[in-house]
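Visitor: Just the structure for this:
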Amino acid sequence: MQTLRDVMEKTVNSYTSNLRLIKPLSSVNKTILKGLEQQIVKQLKDNVIKELEGMYSDENIEVLLNRLDELTRPGRADQSPAWRPSGDVRRDAGPHLVALKREKLKVLEAQLTDLEAQNKLLATRVVKREQHVVRTKDKIVAIAEELEQVVKEETNMVRTRRSVK
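Guide: Down below sits the predicted model:
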């Protein structure tokens, strides 16, 4: 902040020293002009400094510059260089895409969980359906065997009747 104040003071001094370049008035007493010049320069300096101080306080410049001085002072603990883009868009954009990829991962994990639940439900239904098919097959086999037995008995009865006649 002190550096900024010094620079602004030099700027004001430089500006006010240029007022001396104005062509002197020959008809007016030089002492009066000299006194008038000094008053104007002092008033101008005071007004500019007062305006700058108002801007500094309104914008909180002093705190910001002190913080900047603290961050840029040599001998700080973390002297790591500032990040700069490498020129490789994929490598530079990668860290910014991580949050998006995590959100996408959460959505995909939720979909996977739903699909796994549906698969378990379908698997139990398939097992039940297979068991039902096996039971139905066993019933059909049993009925077919009964029918074969009945057909054999009927065939034997018909043969025995023929032989008796």
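
Visitor: now the strands: where do they sit in the chain?
Guide: All residues of the chain lie outside strands when identified by DSSP state E.

Visitor: Pop the domain breakdown of it in here.
Guide: Following the assignment in automatic domain parsing, the chain carries domains at 2-72, 100-165.

Visitor: Now do the last one, average pLDDT.
Guide: Translated: domain 100-165. The predicted model gives domain 100-165 an average pLDDT of 93.

Visitor: I'd like the domains of the chain as TSV, with mean neighbour count and distance to Pro81 appended.
Guide: Any C-beta I mention is one placed from the backbone N, CA and C, and that applies to glycine too. Putting those into TSV (neighbours: other CB atoms under 10 Å; distance: least, CB to CB, whole Å) gives the following:
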stretch	mean neighbour count	distance to Pro81
domain 2-72	11	13
domain 100-165	10	27
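
Visitor: Could you tell me how far Ser80 is located from Gln131?
Guide: Distance, Ser80 to Gln131, using CB to CB, to the nearest Å: 67 Å.

Visitor: Correction: the previous question concerned Arg102.
Guide: 44 Å.

Visitor: Nearest to Gly87, out of the domains of the chain?
Guide: In terms of CB to CB, the element of these nearest to Gly87 is domain 100-165, at 22.3 Å.

Visitor: on that earlier part again, make CSV from the domains of the chain and add distance to Pro85 to it.
Guide: Output for those, formatted as CSV (distance: least, CB to CB, whole Å):
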stretch, distance to Pro85
domain 2-72, 21
domain 100-165, 19
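
Visitor: between those domains, which gets nearest to Arg84?
Guide: Closest to Arg84 of the domains of the chain is domain 2-72 (CB to CB; 16.6 Å).
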